[in-house]
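Engineer: got a structure for you, letters missing:
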DNA sequence: CCAGAGAGTGAGTGTACAGTCACTCTTATG
DNA sequence: CATAAGAGTGACTGTACACTCACTCTCTGG
């Protein structure tokens, strides 16, 4: 027994495929077959690894926040100064770099859109809790600075999802001015 | 000819139903039958009024931004002072009141989530353009103040969609502190 | 009173998709 | 070598949904 099961190795691979595919199509716009194709397994086997589409999405979202937390931590460690504002700023820069490929950003937006599904709402709150607490504790910034950090993160999400960054109009530059890296 | 057609009177009614139903279920999670039921007509007739589901969603989104603009204008007119910051603040308060029933807020989030569909992305940008320009011109505030206005609006969207407002934890109060009316 | 334009629908069609099940293939240990 | 546990799949099923079409009903103008 204990084949040093490939299933436990396969699960995170499938979760990573789910991140990519759900980021592309959103929850309702992505099929299990899409994820299976990306992971190069059969759709049937996806259901052996995850009991339902909801759970698969939750796994993807958890993975997404895990990567975000790692990135924030690395950014904070690499900050020039360890003063609160400088650390927050460094985390913001690291986040901007992370989401330059849009995948993790889009997944979060799609998650917001289906947060009424209880398990997904719960996973989203759990991720936001981790991010908020980490930003607060690691930087030592004030509550309002942390709130601002998250608010401008959300603005960044809007800019990317709505495709505002490429627009040459004045209104577009008002919204995206100073926002880093929105490709 | 020119029956002073009921169709032209029916269209905005159906669009209003579409706002409600799409806000509930999102683009992929809402069916034409849902909208038809709300508007008390047959699904087939929806397709006589709107050529496709995409176009119906766009009509709903346009209606949503129309109402938002009206609200911002009314808020600005009712501001105590006509100083830039005071006007922006009054618009924020009016917006907070408008979205206390969540419908228009949710529709915007769902629109973000399907903004890759070209017509929808375009309608979303058109709405944001109107909001941004109006906020800037009507208040006369600085670019960065307008940007902040939108950023905190997005934070408000996050708080509502993720259901953060009811959470008693500290991280939740950091995010939602001072945000008005996030019922 | 009749012709026709437009409002409105019932009954489909084709397709796509979540989830299931019975099955095979591989490996590894007794 | 036998057997069994787990990896993995092909072929379904039932349902739901975007969109179509042929049709009826109700006016209104001549």
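Structural biologist: Happy to help now that I have it. Everything quoted here is computed from the prediction, not taken from an experiment.

Engineer: mind listing the helices for chain A?
Structural biologist: A:6-25, A:32-39, A:43-49, A:53-77, A:84-98, A:103-113, A:118-139, A:143-161, A:170-176 (DSSP state H).

Engineer: need the ones you listed in a markdown table with distance to DNA strand D and mean pLDDT, can you?
Structural biologist: From N, CA and C alone the C-beta is placed, and that goes for glycine too. A markdown table is the format used below for those (distance: least, CB to the nearest atom of the strand, whole Å; pLDDT from 0 to 100):
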| stretch | distance to DNA strand D | mean pLDDT |
| --- | --- | --- |
| helix A:6-25 | 3 | 95 |
| helix A:32-39 | 7 | 98 |
| helix A:43-49 | 3 | 97 |
| helix A:53-77 | 13 | 98 |
| helix A:84-98 | 30 | 97 |
| helix A:103-113 | 16 | 98 |
| helix A:118-139 | 18 | 98 |
| helix A:143-161 | 22 | 98 |
| helix A:170-176 | 30 | 98 |
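
Engineer: Give the stretch among those helices with the greatest mean number of neighbours.
Structural biologist: helix A:103-113 (a mean of 24; mean count of other CB atoms under 10 Å in any protein chain shown).

Engineer: Would you format the helices of chain A as CSV with distance to DNA strand C included?
Structural biologist: Below are the helices of chain A laid out as CSV (distance: least, CB to the nearest atom of the strand, whole Å):
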stretch, distance to DNA strand C
helix A:6-25, 9
helix A:32-39, 4
helix A:43-49, 4
helix A:53-77, 4
helix A:84-98, 28
helix A:103-113, 14
helix A:118-139, 12
helix A:143-161, 22
helix A:170-176, 33
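
Engineer: isn't residue A:79 right up against residue A:89?
Structural biologist: Yes - applying CB atoms under 8 Å, one finds residue A:79 in contact with residue A:89, separated by 7.4 Å.

Engineer: Now the most centrally placed residue in chain A. Nearest residue, chain neighbours left out?
Structural biologist: Closest to where the C-alpha atoms of chain A average out (CA atoms, centre = their mean) is residue A:104, at 3.6 Å. Leaving aside its sequence neighbours, residue A:104 sits nearest to residue A:64 (CB to CB, 6 or more residues apart in numbering or on different chains; 5.1 Å).

Engineer: is it true that that neighbour touches residue A:109?
Structural biologist: No - applying CB under 8 Å, one finds residue A:64 not in contact with residue A:109, separated by 11.1 Å.

Engineer: Which residues are in contact with each of those two?
Structural biologist: With CB atoms under 8 Å, 6 or more residues apart in numbering or on different chains applied, the contact sets of residue A:64 and residue A:109 do not overlap.
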